[in-house]
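Asker: Predicted model and sequence below, questions to follow.
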Amino acid sequence: MAIPSHVKYLVIGAGIHGLSTAYHLAQQLKAQGKGDGRDILVVDKGGIAAGASGIACGVVRNNYFQPAMRELMAHSVGVWETDPEGYSYHPVGYMQISPESMHDDVASIARQQKEIGYESTFIEGEKESAEYMKTLFHDWQAKGITSVLHEKRGGYANNTKAMYALATKAENEGVRILTGCTVTGFKSDSAGGAVRAVETDKGEIGCDQIVIGAGPWAKTVWDMLELPKTISIKGADGHVHDNVPMWIYWSLQEGTLGVDPELQKTNDGKFPPVIHVDSNEPLYSDFDGSLITDQMWGIYYKPDFHFGGIQGGAAPYAIDTDPDDVAVDPYGVDSPDFVVGEDFAHMWTSALAHCQKRFEGQFEYYKNEPSGGIGSFTPDSFPVFDVFRENCYLIADSNHGYKMLGVGKLVAEELCGQKSSLLEPFRFSRYAEGRLHPVSNSPFPWS
Ligand SMILES: Cc1cc2nc3c(=O)[nH]c(=O)nc-3n(C[C@H](O)[C@H](O)[C@H](O)COP(=O)(O)OP(=O)(O)OC[C@H]3O[C@@H](n4cnc5c(N)ncnc54)[C@H](O)[C@@H]3O)c2cc1C
């Protein structure tokens, strides 16, 4: 495709946010008689799903301690449900299985899910939790679990399949997707003012409005826009903390046990909800019985034909390298630095065996192939959805985002003049104003 000299809307990134925004914006423009998909160009330096969206586990859940996150996720689940087949979305549900230290947090999630009409069952007590789990899996054996939150909606989607479907939906609306085109800079008439063109390795493209869905490359684009490397944050104690880095990276740890996905069917022969277990119990090796950790740990897993086995992950780790020096490229499984190693495989397969007897002795089937990838996180690990430089709409999901299919729809509505109360709690100004989201006791930075 020849590059156009000017477009109304230029979207950077053909991942979940760029594509969802492009598709929904095309629909909005048409519905309002303001244009259509031909006004929108998506550019991506790789291809469709070349970033985090193409390697994500694909879990779609509501389980968040922060009310604003939960309401936003409920909206997104609704968008997944509009076309489960098209999006390769499996609405099997999701379970948060927790120790006592998380009981109160999860109880408040359950309460608030009721209030917003998000269907879930909440089981409390060690005996009751074990019994409930055994009605699903006869071989359930995790100890020290005192609550189970069973979300009846949500589940998971097949990562790349959903992205290709979204790209087709956008293209059917007239949206153009230009792959192999890297944005290298921005042009404006005044320092720090509105951007009037993007510079790419294929030439300059003039534009009226920019949408940035750059995922793990959010910092790179942020730097190109000459936005601040560090910010000030007003903490819960009212004190202002200066010089906090705007971006840090975390490495996500995921892998696949290469067994028949049918191994993980429920007692009644169905495919189960996505399982997420957090635990304070000591975790012993399923290989040699040695202690792996006596600290809190967590895993998630699901049978998945797309990955070819039982796929899932464990808590990520923060990358302590100076964010300016972290090599985001080559990304994902091609990265020499950030793919999971033997430690993860040992811990995760042992944790599977800790939870369900059927996984005992199965570690030898762990797929020794590169997996995992890095994510770009904001200072509080929650998304920033906001406009910078007057016309650059940044969708920076802080790695919460595969499940957030609905964000692009809300952003499209905002671009067409309709403010979204669901996006409001995620403005950049929350840092300076101290309007921060509550923090949970989960070992994961995204719960
Ligand atoms: C291993 C892993 C597992 C995950 N699992 C889950 C999960 O189960 N559930 C969940 O909700 N979330 C999950 N996430 C998080 C989720 O994948 C991301 O939050 C989400 O995919 C980000 O979407 P995006 O559209 O912002 O970015 P991406 O999907 O990364 O897309 C960004 C695109 O921008 C392009 N790009 C970047 N810079 C430029 C440039 N200068 N010029 C042109 N193009 C550019 C890239 O090539 C890329 O294709 C996971 C993440 C990882 C890494």
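Answerer: That came in fine, so what should we check first? No experiment lies behind these values; they were computed from the predicted model shown.

Asker: so residue 432 is in which element?
Answerer: Per DSSP states H and E, residue 432 falls inside helix 429-433.

Asker: my bad, residue 209
Answerer: Using DSSP H and E, the element containing residue 209 is strand 203-212.

Asker: One more: residue 47?
Answerer: Counting by DSSP H and E, residue 47 is part of no helix or strand.

Asker: what's the answer for residue 41, then?
Answerer: Per DSSP H and E, residue 41 falls inside strand 40-44.

Asker: Parallel or antiparallel, which strands does the very next helix or strand once past that strand pair with?
Answerer: Per DSSP H and E, the first helix or strand lying C-terminal to strand 40-44 is strand 59-60. In the sheet, strand 59-60 lines up against strand 155-157 (antiparallel) (DSSP bridges).

Asker: ok, which residues in the stretch 151-300 of the chain are in contact with the ligand?
Answerer: Contacts of the stretch 151-300 of the chain with the ligand, taken as C-beta under 6 Å from any ligand atom, map to 182, 183, 213, 214, 215, 216, 217, 252, 254. Where you see a C-beta, it was placed from the backbone N, CA and C, and this is true even at glycine.

Asker: so which residue of the stretch 201-350 of the chain comes closest to the ligand?
Answerer: Distances between the stretch 201-350 of the chain and the ligand by C-beta to the nearest ligand atom are smallest at residue 215, namely 2.2 Å.

Asker: Count the residues that sit near that residue.
Answerer: By the criterion of other C-beta atoms under 10 Å, residue 215 has 30 neighbours.

Asker: mind checking pLDDT for it?
Answerer: For residue 215, the model assigns a pLDDT of 98.

Asker: Ok, the one 3 residues further on next?
Answerer: Each residue has a pLDDT score; the one for residue 218 is 98.

Asker: do residue 123 as well
Answerer: 98.

Asker: contacting residues for residue 370?
Answerer: Counting by C-beta atoms under 8 Å, 6 or more residues apart in numbering, residue 370 touches 332, 333, 334, 335, 339, 340.

Asker: The residue of the stretch 201-350 of the chain closest to the ligand: what's it in contact with?
Answerer: By C-beta under 8 Å, 6+ apart, the residues touching residue 215 are 13, 15, 17, 51, 52, 53, 375, 376, 397, 401.

Asker: What about the closest residue to residue 66 other than its chain neighbours? Give its phi and psi, please.
Answerer: Computed as C-beta to C-beta, 6 or more residues apart in numbering, the closest residue to residue 66 that is not its neighbour in sequence is residue 437, at 4.2 Å. The phi/psi pair for residue 437 (degrees, to the nearest 10) reads phi -80, psi 150.

Asker: just residue 407 next, same as before
Answerer: With angles defined as degrees, to the nearest 10, residue 407 sits at phi -60, psi -40.

Asker: That one: what's it in contact with?
Answerer: Shown in contact with residue 407 (C-beta under 8 Å, 6+ apart): 17, 20, 21, 72, 76, 383, 385, 395, 397, 401, 423.

Asker: Secondary structure element holding the second one?
Answerer: To tie it back to what came earlier, the one meant is residue 20. Judged by DSSP H and E, residue 20 forms part of helix 16-31.

Asker: Just give me how far that helix sits from the chain centre.
Answerer: Remark: helix 16-31 is offset 19 Å from the chain centroid, using C-alpha atoms, centre = their mean, to the nearest Å.

Asker: just the angle between it and strand 40-44, please?
Answerer: If you take axes from the mean of the first three to the mean of the last three C-alpha atoms, to 10 degrees, helix 16-31 sits at 170 degrees to strand 40-44.

Asker: if we can go back for a sec, which of the contacts of residue 370 fall within strands?
Answerer: Using DSSP state E, no member of those falls within strands.

Asker: Closest to residue 140 out of the residues you listed?
Answerer: Taking C-beta to C-beta as the measure, residue 140 lies nearest residue 340 of the contacts of residue 370, at 25.8 Å.

Asker: close enough to count as contact, the closest one and residue 372?
Answerer: Yes. Taking C-beta atoms under 8 Å as the definition, residue 340 is a contact partner of residue 372 at 4.4 Å.

Asker: intersection of neighbour lists for the two?
Answerer: Residues touching both residue 340 and residue 372 (C-beta under 8 Å, 6+ apart) are 253, 254, 255.

Asker: Counting neighbours, which of the residues you listed comes out on top?
Answerer: residue 255 (27 neighbours).

Asker: got a list of what that residue touches?
Answerer: Neighbour list for residue 255: 311, 312, 313, 340, 344, 345, 348, 366, 367, 371, 372 [criterion: C-beta under 8 Å, 6+ apart].

Asker: Same question for residue 395.
Answerer: Contacts of residue 395 (C-beta under 8 Å, 6+ apart): 17, 18, 21, 211, 212, 213, 383, 385, 407, 408, 411.
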